[in-house]
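Undergrad: curious how this folds, go ahead:
(one chain, ligands or ions: 1)
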Amino acid sequence: MIYLDANAAEPLRPTARIAMIEALGQVGNPSSVHGPGRAARRILENARESLTANFGARPTDLVFTSGGTEADALALHALSPGLRRVIIGATEHDAVRAAAPEAAILPVDSSGVADLATLEAILAEEGPALVALMLANNETGVLHPIAEAARLCRRFGALLHVDAVQAAGRVAFNFATLGAASLALSSHKVGGPAGAGALLLAPEVAEHFRPLIGGGGQERGRRGGTPALAAIAGFAAAAHEALATPSALGPLRDAAELAARTAGAVVLGADAPRLDNTTTLALPGLKAETQVIALDLAGIAVSAGAACSSGKVAESHVLKAMGAGALAGQAIRVSLPWNASEEDVQRFATAYAEMAARLLRRAA
Ligand code: PLP
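TA: Prediction:
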């Protein structure tokens with residue numbers, strides 16, 4: 001099977017596996033004062049220091065969570081009190097949308113980029129707000145102008161939460177210089193295991209923080225619950241490896257796109273700056289689900305816009321927000337993992353061309 005669904009989960013990186021096995025051998029709870037507890041705490045704090053050094057935050061300003069969904073929910077819960085409005089991008093992940101059901105929606109243009117002129121107008125009218133904008137979109141890979149959004153937010157006294165779940169390890173950023181209030185990360189999107197994530201906080205918001213989960217005072221009282229030590233150790237190791245080996249997937253992604261275009265595909269979001277591992281390919285007239293199944297049968301794992309937990313293909317709010325119309329239901333996402341090879345892409349190209357020719361002939 002050729003695995004081209006990295007935005008759902010990256011393959012585990014070798015250094016993450018080693019770090020996890022080491023941590024699994026450690027008995028003890030990081031909150032315990034005895035020797036084994038202190039050894040477990042060392043693993044936890046080493047992971048915290050490594051992650052904050054890599055992404056640009058103080059170790060005291062990182063809160064470990066169960067993943068990206070919890071980090072997003074925690075940010076929106078913790079930062080919104082006292083602010084008049086919550087504003088989220090139209091193409092945010094469901095983790096953000098579910099945590100802010102009353103939010104005002106910031107539109108995107110036809111290539112999927114957030115409309116900052118509208119954000120400026122809303123902030124000028126509404127005053128202090130909480131704004132949630134993702135760095136990279138999970139379906140299209142489209143990058144939002146986050147540094148500019150952060151500057152705008154600061155100008156109007158608004159707080160910016162950045163969902164960097166898909167961007168981490170794929171594009172360079174530094175949380176401290178970005179000027180956002182908080183930023184969400186997820187382990188299994190950087191090549192660590194599922195079950196760990198983190199929320200980075202700017203020093204000024206770290207002090208006045210409303211937890212979502214109370215309990216034993218872990219994470220400086222900002223997130224109760226015994227941390228998942230092995231997952232966190234794997235997360236930190238994977239992030240370190242990802243940042244130390246910058247992605248060179250662009251040429252492979254471009255080759256996959258060229259082959260798909262030749263077979264009749266339209267690339268959605270192609271005009272915007274994008275992650276170099278992601279492409280969204282629409283085949284006019286062919287349901288996305290049919291394409292995913294046909295490619296699966298040919299040994300290629302890709303996904304349709306957004307898969308919900310039931311395994312059914314949901315309508316993509318991302319592609320609809322971009323004004324893709326009927327193409328929203330006819331697009332698949334190809335997301336190359338960190339270890340993708342030229343041969344993988346060649347096999348995808350062959351399978352895609354064969355699928356398009358066969359299904360389009362049948363549909364005609
Ligand atoms: N945010 C984005 C942009 C995502 O792509 C995802 C997962 O796909 C999440 C948040 C949720 O992360 P997790 O699966 O770690 O809960």
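
Undergrad: going forward, measure contacts between C-alpha atoms and count neighbours the same way
TA: Noted.

Undergrad: can you tell me the closest non-neighbouring residue to Leu152?
TA: Distance criterion Cα to Cα, 6 or more residues apart in numbering; nearest residue to Leu152, sequence neighbours excluded, is Glu120 at 6.8 Å.

Undergrad: what about Met1, neighbour count?
TA: The local packing count at Met1 equals 10, with neighbours defined by other Cα atoms under 10 Å.

Undergrad: again with Ala57
TA: A count of neighbours around Ala57, defined by other Cα under 10 Å, yields 21.

Undergrad: follow-up on the earlier one: helix or strand: which one has the residue nearest to Leu152?
TA: Assigned by DSSP states H and E, Glu120 belongs to helix 116-126.

Undergrad: show me what that helix is packed against.
TA: Packing contacts for helix 116-126, counted by 3 or more Cα pairs under 8 Å, 6 or more residues apart in numbering; DSSP states H and E, involve helix 146-155.

Undergrad: list the buried residues of the helix it packs on.
TA: Along helix 146-155, these residues count as buried under the neighbour rule (16 or more other Cα atoms under 10 Å): Ile146, Ala147, Ala149, Ala150, Arg151, Leu152, Cys153, Arg154.

Undergrad: the ligand contacts on the protein?
TA: Selection of the chain residues close to the ligand by Cα under 6 Å from any ligand atom yields Ala8, Gly67, Gly68, Thr69, His93, Ala95, Asn137, Asn138, Asp163, Val165, Gln166, Ser186.

Undergrad: from those residues, pick the one nearest Leu83.
TA: Nearest to Leu83 among these is Asp163, at 19.3 Å by Cα to Cα.

Undergrad: mind checking pLDDT for the closest one?
TA: Turning to Asp163, the model gives it a pLDDT of 98.

Undergrad: for Ser309, same thing?
TA: According to the prediction, Ser309 has pLDDT 49.

Undergrad: quick one: low-confidence parts of this protein?
TA: With pLDDT under 70 as the threshold, the chain has low-confidence stretches at 305-313.

Undergrad: what's the local residue count around the residue nearest to Leu152?
TA: Neighbouring residues of Glu120 were enumerated by other Cα under 10 Å; the total is 16.

Undergrad: check whether it really touches Ala150, as I assumed.
TA: No - taking Cα atoms under 8 Å as the contact criterion, Glu120 and Ala150 are not neighbours in contact, 11.2 Å apart.

Undergrad: quick one on the thing from earlier: list the contacts of the helix or strand following the helix holding Glu120.
TA: Remark: after helix 116-126, the chain's next helix or strand is strand 129-134, criterion DSSP H and E. Strand 129-134 is contacted from outside by 76, 79-80, 83-89, 92, 96, 123, 143-144, 146, 153, 157-164, using Cα atoms under 8 Å, 6 or more residues apart in numbering.

Undergrad: okay, now the sheet partners of strand 129-134, with direction.
TA: Sheet pairing here is set by DSSP bridges, and for strand 129-134 it gives strand 85-89 (parallel), strand 159-163 (parallel).

Undergrad: smallest gap between the stretch 151-300 of the chain and the ligand, at which residue?
TA: For the stretch 151-300 of the chain, the residue positioned closest to the ligand under Cα to the nearest ligand atom is Ser186, at a distance of 4.5 Å.

Undergrad: show me the strands in the stretch 251-364 of the chain, by range?
TA: In chain order, the stretch 251-364 of the chain shows strands spanning 266-268, 278-282, 300-301, 303-304, 306-307, 313-314, 331-335, with DSSP state E, counting those that start in this stretch as the criterion.

Undergrad: looking at those, spot the one closest to Val190.
TA: Between Val190 and the strands of the stretch 251-364 of the chain, the tightest spacing by Cα to Cα is seen for strand 331-335, at 12.9 Å.

Undergrad: alpha carbons only: can I get that closest one in CSV?
TA: What follows is strand 331-335, C-alpha atoms only, in CSV (Å, rounded to 0.1, in the frame of the first residue of the first chain):
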residue,chain,number,x,y,z
ALA,A,331,-12.0,16.4,-4.6
ILE,A,332,-9.5,14.1,-2.9
ARG,A,333,-6.6,15.1,-0.7
VAL,A,334,-3.2,13.7,-1.4
SER,A,335,-0.8,14.5,1.5
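
Undergrad: and the contacts of that strand?
TA: Strand 331-335 is touched from outside by 4-7, 139-140, 277-283, 287-288, 291-292, 302-305, with contacts defined as Cα under 8 Å, 6+ apart.

Undergrad: show me which of the residues you listed are buried.
TA: Among these, those buried by neighbour count (16+ other Cα under 10 Å) are 4-7, 139-140, 277-283, 287-288, 291-292, 302-305.

Undergrad: just to revisit the earlier point, which of the contacts of strand 129-134 count as buried?
TA: Buried among these by 16+ other Cα under 10 Å: 76, 79-80, 85-89, 92, 96, 123, 143-144, 146, 153, 158-164.

Undergrad: so which of the strands paired with strand 129-134 comes closest to Phe348?
TA: Using Cα to Cα as the measure, strand 159-163 is the one of the strands paired with strand 129-134 that comes nearest Phe348, at 29.8 Å.

Undergrad: Ala181 touches Ala158, doesn't it?
TA: No - if you go by Cα under 8 Å, Ala181 and Ala158 don't touch, sitting 9.1 Å apart.

Undergrad: quick one on the thing from earlier: and the residue of the stretch 151-300 of the chain closest to the ligand, how far from Ala231?
TA: When distance is defined by Cα to Cα, to the nearest Å, Ser186 is 11 Å away from Ala231.
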